[in-house]
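Trainee: Okay, structure incoming, though there's no sequence with it:
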């Protein structure tokens with residue numbers, strides 16, 4: 001059941017199981033691979049930034065992946081964004097639900113909803129520092145993601161200049 005879901009730190013012992021996880025073929029354009037995400041997390045942390053990757057586990061079995069980022073201020077956001085991308089007001093002083101996926105074999109069972117609840121509970125502890133909000137973004141045609149995030153209170157924002165994904169914000 002969804003109650004057996006937990007977030008585990010990424011360690012060498014679960015790394016290979018996490019990078020093997022995949023979404024359905026029709027969802028592959030919606031999220032980066034877990035291998036890319038873990039490489040990105042390493043590069044961000046090595047550069048003095050904030051990336052918190054987690055395995056989503058059913059008991060001890062990895063069934064998904066999520067990654068949280070933190071934007072303490074506008075200066076940090078400027079370093080993280082491309083020059084042609086607008087940095088909306090909601091970014092500075094926020095957490096980002098950067099990646100979120102459930103393996104294709106485990107979708108549709110409520111595990112994603114429970115994992116999102118756990119991720120938001122974790123964010124509310126403000127593990128990296130103070131923040132007023134959590135935000136995320138998703139492909140405009142991804143109605144499953146839109147509906148899940150909306151059910152947790154995320155509110156869509158206008159599409160910023162240079163973005164191709166819809167941002168949504170949750171006040172903490």
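Mentor: Received the coordinates, thanks. Everything quoted here is computed from the prediction, not taken from an experiment.

Trainee: where does the protein dip in pLDDT?
Mentor: For the chain, the stretches flagged by pLDDT under 70 are 1-3.

Trainee: Quick one: the helices in this structure, in order.
Mentor: With helices called from DSSP state H, the chain shows them at 12-20, 34-46, 74-80, 111-123, 143-151.

Trainee: In CSV: these, plus distance to residue 100 and mean neighbour count.
Mentor: C-beta coordinates here come from the backbone N, C-alpha and C atoms, glycine included. Output for the helices of the chain, formatted as CSV (distance: least, Cβ to Cβ, whole Å; neighbours: other Cβ atoms under 10 Å):
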stretch, distance to residue 100, mean neighbour count
helix 12-20, 13, 14
helix 34-46, 10, 16
helix 74-80, 18, 14
helix 111-123, 7, 19
helix 143-151, 8, 15
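
Trainee: nearest to residue 99, of those helices?
Mentor: With Cβ to Cβ as the criterion, residue 99 lies closest to helix 34-46 of these, at 4.8 Å.

Trainee: which other helices and strands contact that closest one?
Mentor: helix 12-20, strand 51-58, strand 61-71, strand 94-102 (3 or more Cβ pairs under 8 Å, 6 or more residues apart in numbering; DSSP states H and E).

Trainee: before we move on, the earlier item: quick one: which of the helices of the chain is nearest residue 26?
Mentor: helix 143-151 (10.4 Å).

Trainee: re earlier: can you redo the helices of the chain as CSV with distance to residue 65?
Mentor: CSV is the format used below for the helices of the chain (distance: least, Cβ to Cβ, whole Å):
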stretch, distance to residue 65
helix 12-20, 6
helix 34-46, 5
helix 74-80, 20
helix 111-123, 9
helix 143-151, 15
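
Trainee: Tell me which of those lies nearest to residue 131.
Mentor: helix 111-123 (7.7 Å).

Trainee: what separates that closest one from the chain centre, distance-wise?
Mentor: Distance of helix 111-123 from the chain centroid (Cα atoms, centre = their mean, to the nearest Å) equals 10 Å.
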